[in-house]
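Peer 1: Any chance you could fold what I've pasted below:
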Amino acid sequence: MVTNVDAVAKAPYNIKKNPPMVSTGDTLGDLQIRAIFHFSQGTSIIDSFNIFIQHPGGYDFSGPNSFQLTGGITPDKMMLYNVADKSHHLRHSDDAAAAYRDFDVEILLMNEGTTYRHFSYTDCNVDDYNITTLFDNEETFSKAELKFVVADVFEFECEVYHPHCPYCEEMMKPETEESTAKSSTEYQAEQRSTWPGYWQ
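Peer 2: Alright, predicted model coming up:
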């Protein structure tokens, strides 16, 4: 597997309740992935995922709404770790596992506070979870500056999927009448400003 090992290794470590988005320059255009999980136990905001993949495809309605998140093992995933582990341990007991199923997820693709893409997933479950080691083929073995990265790989399956483009919606808003309309006094003053000085 060929991946940007340094990008995963530099994932921000922040366990504050509402951590600010930190631009690390890992992706082209400095886009960052923010995952917001709405569990029955509370809301978890995770900024340390570096890879987001939709399956089978964003607008492919032939299969389930599923996606994958990959990133380094970090403290901001503690609530997600707990939900994944409990879902696995209690998978044979529907009643006990119910508290760890059917959660909602929001994926935001951001840059310096501006959200360009927003994907909403409803009634989700952890379909699979594993830990892998990422490396850049032979280079990781031969170059001291490239390190192995032990990373989380989460697979989710959801009932409902809605894509949004907040940036597009903001840019396409029509100008309001208040911002474009001018009073008669303002219009006359604007017209007079174009006349020769002795006519004003």
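Peer 1: C-alpha from now on. contacts and neighbour counts both.
Peer 2: Fine.
Peer 1: for the protein, which spans come out with low pLDDT?
Peer 2: 1-28, 57-62, 137-146, 175-200 (pLDDT under 70).
Peer 1: any idea which element Phe37 lies in?
Peer 2: Phe37 belongs to strand 32-39 when assigned by DSSP states H and E.
Peer 1: Export only the CA atoms of the top helix by length along the chain, formatted as PDB.
Peer 2: The longest helix of the chain (DSSP state H) is helix 78-89. Once non-C-alpha atoms are left out, helix 78-89 reads as follows in PDB (Å, rounded to 0.1, in the frame of the first residue of the first chain):
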ATOM      1  CA  MET A  78     -11.900   7.400  22.600                       C
ATOM      2  CA  MET A  79     -15.700   7.600  22.400                       C
ATOM      3  CA  LEU A  80     -15.600   6.000  18.900                       C
ATOM      4  CA  TYR A  81     -13.300   3.200  20.200                       C
ATOM      5  CA  ASN A  82     -15.700   2.500  23.000                       C
ATOM      6  CA  VAL A  83     -18.700   2.300  20.600                       C
ATOM      7  CA  ALA A  84     -16.800   0.100  18.100                       C
ATOM      8  CA  ASP A  85     -15.700  -2.300  20.900                       C
ATOM      9  CA  LYS A  86     -19.100  -2.500  22.500                       C
ATOM     10  CA  SER A  87     -20.800  -3.100  19.200                       C
ATOM     11  CA  HIS A  88     -18.500  -6.000  18.700                       C
ATOM     12  CA  HIS A  89     -18.700  -7.500  22.200                       C
END
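Peer 1: State the next helix or strand along the chain beyond it.
Peer 2: Next in line after helix 78-89, if elements are assigned by DSSP H and E, sits helix 94-97.
Peer 1: Now do the strands in this structure.
Peer 2: Secondary structure of the chain (DSSP state E): strands at 32-39, 42-46, 49-55, 65-72, 103-111, 114-134, 149-164.
Peer 1: what lines up beside the shortest one in the sheet?
Peer 2: The reference is to strand 42-46. Strand pairing for strand 42-46, using DSSP bridges, gives strand 32-39 (antiparallel).
Peer 1: still on that earlier bit, can you pull the buried residues of the longest helix of the chain?
Peer 2: Within helix 78-89, the residues scored as buried using 16 or more other CA atoms under 10 Å are Met79, Leu80, Tyr81, Val83, Ala84, Lys86, Ser87, His88.
Peer 1: Please apply the same query to stretch 42-53.
Peer 2: For stretch 42-53, by 16+ other CA under 10 Å, it's Thr43, Ser44, Ile45, Ile46, Asp47, Ser48, Phe49, Asn50, Ile51, Phe52.
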